[in-house]
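Peer 1: structure, please.
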Amino acid sequence: MQLPFSKRSALSFAVIVTAFAAFTGASVGTAANTAKVIPPSPLTSVLAQVKGLTIKGGFPNNPRDTKLRQINVGSEGAQINVYSSLSSFITKPLTDLWKATFPDITLNFYRASSEDVSARFLAENGAGTKGADIVESNGSTMLIFQHDKNLLVPYRGSPYALQIPKQYRFDTFTSARLEEFVVAWNTNLVNSPPTSFQDLADPKWKGKLALEPTDTDWFATLEEYFMTSAKPKMTQAQVDDMFKKIAANSQLIPGHSAEGMGIPYLAGHPAGSLLFYDFLLSPFGQKMLQQNGVVPSNPYFPDASFSSHPFTVKMDIRPIVANWVAWNKKYNTVIQP
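Peer 2: Residues are numbered from 1 along each chain as shown. Okay, here's the model as predicted:
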């Protein structure tokens with residue numbers, strides 16, 4: 001099997017998996033029972049200043065967000081640091097819209113793979129260094145960060161989050177957009193496309209498929225689906241055999257898009273954090289995502305890409321993350337036997 005990703009990416013992935021295993025283990029009692037020291041929330045003072053202010057008038061010209069802007073400009077250096085693995089297709093429209101809306105606030109936007117975003121965030125946190133004001137990564141990663149207790153501030157206070165379905169709202173992060181896993185192919189090269197996952201196990205696809213090496217949540221969801229809901233259902237042995245054959249046909253290509261954002265305890269510009277949070281969750285930000293090919297989490301901005309309503313398997317990341325170490329070990333066994 002070809003592994004066309006750099007040693008740097010592999011090392012980054014290994015560091016993150018090690019960290020995940022450590023604090024996921026702690027959440028189920030397998031690590032040392034050392035009480036975590038929860039830092040003070042950087043949001044307390046700012047939230048007190050915007051308490052009772054409404055969003056009447058819409059984003060950004062409403063009392064709440066006007067006040068957040070004033071605080072950031074007046075006492076936080078008029079800047080905000082965002083770490084995100086958003087696709088490069090959406091980065092420019094997002095930063096352009098921010099600059100047009102807030103020309104007086106500099107948006108320092110660090111865009112990288114989800115593995116690199118996570119590695120940088122964890123390294124800064126471990127060193128006690130203030131860096132990110134917003135961290136955005138895939139939902140499973142964000143939920144693992146939440147389990148660690150001392151990385152992300154519990155926050156459900158954005159008034160714009162009320163339009164986001166409850167399943168996309170968590171104690172320390174909210175999904176501004178949804179991630180959809182699809183099977184896609186080059187129509188110029190594939191005349192007879194696959195019609196099932198079983199087709200992808202055919203040796204004729206050797207070296208022609210791509211798998212993401214950290215998509216443990218995708219793997220866990222599909223395994224559960226094939227064994228419990230598919231018609232006909234598959235046995236464990238059949239599922240294992242199918243995925244191993246698919247992996248044998250595949251190259252491993254790293255790359256994630258983000259789907260959840262949270263505020264770190266070490267945020268140095270808390271008013272800026274809250275302002276960006278509101279920006280991306282508001283109809284103002286959700287419309288921008290929709291117009292640039294991203295699926296917003298707000299159902300009032302439906303995705304037109306799948307208007308034909310293809311068969312969809314829905315993912316619940318909560319039980320997957322609760323058993324993350326076991327699922328991650330199994331997926332790695334499949335893709336790197």
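Peer 1: the strands in the protein, which residues?
Peer 2: For the chain, the strands defined by DSSP state E occupy 79-84, 106-111, 134-137, 173-174, 177-178, 209-211, 250-252, 260-262, 295-296.
Peer 1: kindly export the third one (C-alpha atoms) in CSV.
Peer 2: In other words, strand 134-137. What follows is strand 134-137 as a C-alpha-only set of coordinates in CSV (Å, rounded to 0.1, in the frame of the first residue of the first chain):
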residue,chain,number,x,y,z
ILE,A,134,-11.1,30.1,18.2
VAL,A,135,-10.3,26.5,17.3
GLU,A,136,-12.3,24.8,14.6
SER,A,137,-11.8,21.1,13.8
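Peer 1: so what strands line up beside that strand?
Peer 2: strand 79-84 (parallel), strand 260-262 (antiparallel) (DSSP bridges).
Peer 1: got the contact list for it?
Peer 2: If you take CB atoms under 8 Å, 6 or more residues apart in numbering as the criterion, strand 134-137 is touched by 80-86, 114, 117-118, 121, 142, 145, 152, 176, 256, 258-264, 267, 273, 276-277. In short, each C-beta sits where N, CA and C put it, glycine included.
Peer 1: let's check: the centremost residue of this protein is which one?
Peer 2: Compute the mean C-alpha point of the chain, and by CA atoms, centre = their mean the closest residue is N138, 1.8 Å away.
Peer 1: coming back round to it: which of the strands paired with strand 134-137 has the highest mean neighbour count?
Peer 2: Burial of the strands paired with strand 134-137 is given as mean neighbour count (mean count of other CB atoms under 10 Å); strand 260-262 ranks first at a mean of 27.
Peer 1: below-threshold pLDDT in this protein: ranges please.
Peer 2: By pLDDT under 70, the weakly predicted segments of the chain are 1-35, 254-258, 306-307.
Peer 1: what's the domain layout of it?
Peer 2: 1-30+194-256+319-337, 39-179+257-296 (automatic domain parsing).
Peer 1: centre of the chain to the longest one, how far?
Peer 2: How far domain 39-179+257-296 lies from its chain's middle: 12 Å, per CA atoms, centre = their mean, to the nearest Å.
Peer 1: packed most tightly, which of the domains of the chain would that be?
Peer 2: Highest mean neighbour count among the domains of the chain (mean count of other CB under 10 Å): domain 39-179+257-296, with a mean of 19.
Peer 1: picking that back up, dump the strands paired with strand 134-137 into a markdown table; add distance to S308 as well.
Peer 2: As requested, these are exported to a markdown table (distance: least, CB to CB, whole Å):
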| stretch | distance to S308 |
| --- | --- |
| strand 79-84 | 30 |
| strand 260-262 | 27 |
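Peer 1: which of those strands sits closest to P337?
Peer 2: Closest approach to P337 among these (CB to CB): strand 260-262, 31.2 Å.
Peer 1: taking the contacts of strand 134-137 one by one, which sit in helices?
Peer 2: Residues of these located in helices (DSSP state H): 114, 117-118, 121, 142, 145, 273, 276-277.
Peer 1: for the stretch 51-200 of the chain, what spans make up the helices?
Peer 2: Using DSSP state H, counting those that start in this stretch, the helices found in the stretch 51-200 of the chain span residues 63-75, 88-101, 114-127, 139-147.
Peer 1: re the thing from before, dump the ones in helices among the contacts of strand 134-137 to JSON lines, plus distance to L94.
Peer 2: As requested, those are exported to JSON lines (distance: CB to CB, whole Å):
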{"residue": "S114", "distance to L94": "17"}
{"residue": "V117", "distance to L94": "15"}
{"residue": "S118", "distance to L94": "20"}
{"residue": "F121", "distance to L94": "19"}
{"residue": "M142", "distance to L94": "19"}
{"residue": "F145", "distance to L94": "22"}
{"residue": "S273", "distance to L94": "16"}
{"residue": "F276", "distance to L94": "10"}
{"residue": "Y277", "distance to L94": "14"}
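Peer 1: what does stretch 279-294 contact?
Peer 2: 55, 58-60, 87, 89-90, 93-94, 97-98, 101, 158, 160-161, 163-164, 174, 176-177, 261, 295-298, 300-301, 303, 305.
Peer 1: excluding residues flanking it in the chain, which one is nearest A161?
Peer 2: T174 (5.2 Å; CB to CB, 6 or more residues apart in numbering).
Peer 1: sorry, slip of the keys, the one I care about is I164.
Peer 2: In space, I164 is closest to S297, 5.1 Å off (CB to CB, 6+ apart).
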